[in-house]
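Enquirer: Generate a structure from the sequence data that follows.
(one chain, ligands or ions: 1)
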Amino acid sequence: MIQFQQVTKRYPGGLEALKGLSMDIQPGELVFLAGHSGAGKSTLLKLIAGIEKPTAGTVLVNGQNLARASRGSLPYVRRHFGLIFQDHKILFDRSVYDNVKLPLDIIGFDGREVKRRVLAALDKVGLSGKEKLNPIALSGGEQQRLCIARAVVHRPAILLADEPTANLDRDYAHDILELFKSFHQVGVTLVISAHDETLMADYGRRILRLKNGQFSA
Ligand SMILES: Nc1ncnc2c1ncn2[C@@H]1O[C@H](COP(=O)(O)OP(=O)(O)OP(=O)(O)O)[C@@H](O)[C@H]1O
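Expert: Presented below is the predicted three-dimensional model:
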């Protein structure tokens, strides 16, 4: 489903964030991505989502090379993905409900289906009853759940989460990982990055370890 063939990513300025990576992630797999700050975790996730293009090598998602996808087809391709990235900010000028609804507006769902899906996503992450609140009234952990609801509301096949447990205490981090596990159980492919590998150890899943842009043992 996700395939990297000798993928190198060099950012302007000459730094190689990823160096000749090859890997396969199968449909329905739950994979953790570990590595120090600056190891290249976010870059790898952005390459999967087609947000960044490789400098060399090929990234295939469902056999499709996103770097070669036409501009017109990208919105359709992006519907396969749910993204939980650190720079995807919550909008504080609208309600919890309207934040979660955003991806459906972009895709163009009709009204009744929108309401059903938004309420189902909020229920899934344990935020039922908070839909009318402004997100400012939510705790840090609840805001993280809001981001997860927003990422899954369109039922993506692939969920990419960049450090979703950063800044959460250990119990809360486990709650979030349990939530991801429940998406895995219904067949979603998940790639989750974290720098704290001890959290991942409890889940007995495949761990890809990055060190200075390369996989390490
Ligand atoms: N847009 C960019 N332009 C230039 N350099 C970048 C850019 N994005 C990332 N880098 C560099 O690429 C390297 C890998 O960064 P990346 O964000 O992928 O690492 P990371 O493992 O996700 O780190 P962190 O855990 O701190 O988020 C770092 O040296 C970073 O400074």
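
Enquirer: What residues sit buried inside the longest helix belonging to the chain?
Expert: Identified as the longest helix of the chain according to DSSP state H is helix 170-185. Residues of helix 170-185 classed as buried by neighbour count (16 or more other C-beta atoms under 10 Å): Tyr172, Ala173, Asp175, Ile176, Leu177, Leu179, Phe180, Phe183, His184. In this view, the C-beta of every residue, glycine as well, is placed from N, C-alpha and C.

Enquirer: swap in stretch 96-106?
Expert: For stretch 96-106, by 16+ other C-beta under 10 Å, it's Val96, Tyr97, Asp98, Asn99, Val100, Lys101, Pro103, Leu104.

Enquirer: Spell out which parts of this structure neighbour the ligand.
Expert: The chain has residues 11, 13, 15, 17, 35, 37-43, 195 near the ligand, with proximity defined as C-beta under 6 Å from any ligand atom.

Enquirer: Mind jotting down where the helices sit in the chain?
Expert: For the chain, the helices defined by DSSP H cover 41-49, 74-78, 96-107, 111-124, 140-152, 170-185, 197-201.

Enquirer: ok so, going back, buried subset of the residues of the chain next to the ligand, written for PyMOL?
Expert: A single PyMOL command selects the buried members of the residues of the chain next to the ligand (16+ other C-beta under 10 Å):
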select buried, resi 17+35+39+40+41+42+43
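
Enquirer: May I ask which of the residues of the chain next to the ligand comes out lowest in pLDDT?
Expert: The lowest pLDDT within those belongs to His195, with 81.

Enquirer: So what does that residue have for phi and psi?
Expert: When read as degrees, to the nearest 10, the backbone of His195 gives phi -90, psi -20.

Enquirer: Surely it touches Ala34?
Expert: Yes: counting by C-beta atoms under 8 Å, Ala34 is a contact partner of His195 at 7.0 Å.

Enquirer: list residues touching both of the two?
Expert: Taking C-beta atoms under 8 Å, 6 or more residues apart in numbering as the criterion, His195 and Ala34 both touch Lys41.

Enquirer: which strands and helices sit next to the lowest-mean-pLDDT helix or strand in the chain?
Expert: None of the helices or strands of the chain scores lower by mean pLDDT, DSSP states H and E than helix 74-78, at a mean of 79. If you count contacts as 3 or more C-beta pairs under 8 Å, 6 or more residues apart in numbering; DSSP states H and E, helix 74-78 packs onto no helix or strand.

Enquirer: ok, residues contacting that helix?
Expert: Ala49, Gly50, Val61, Gln64, Leu66, Ala69, Ile106.

Enquirer: before we move on, back to that, could I get the buried residues of helix 170-185 as JSON lines with pLDDT?
Expert: Listed next are these as JSON lines, based on pLDDT from 0 to 100:
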{"residue": "Tyr172", "pLDDT": "86"}
{"residue": "Ala173", "pLDDT": "88"}
{"residue": "Asp175", "pLDDT": "90"}
{"residue": "Ile176", "pLDDT": "91"}
{"residue": "Leu177", "pLDDT": "92"}
{"residue": "Leu179", "pLDDT": "93"}
{"residue": "Phe180", "pLDDT": "94"}
{"residue": "Phe183", "pLDDT": "95"}
{"residue": "His184", "pLDDT": "94"}
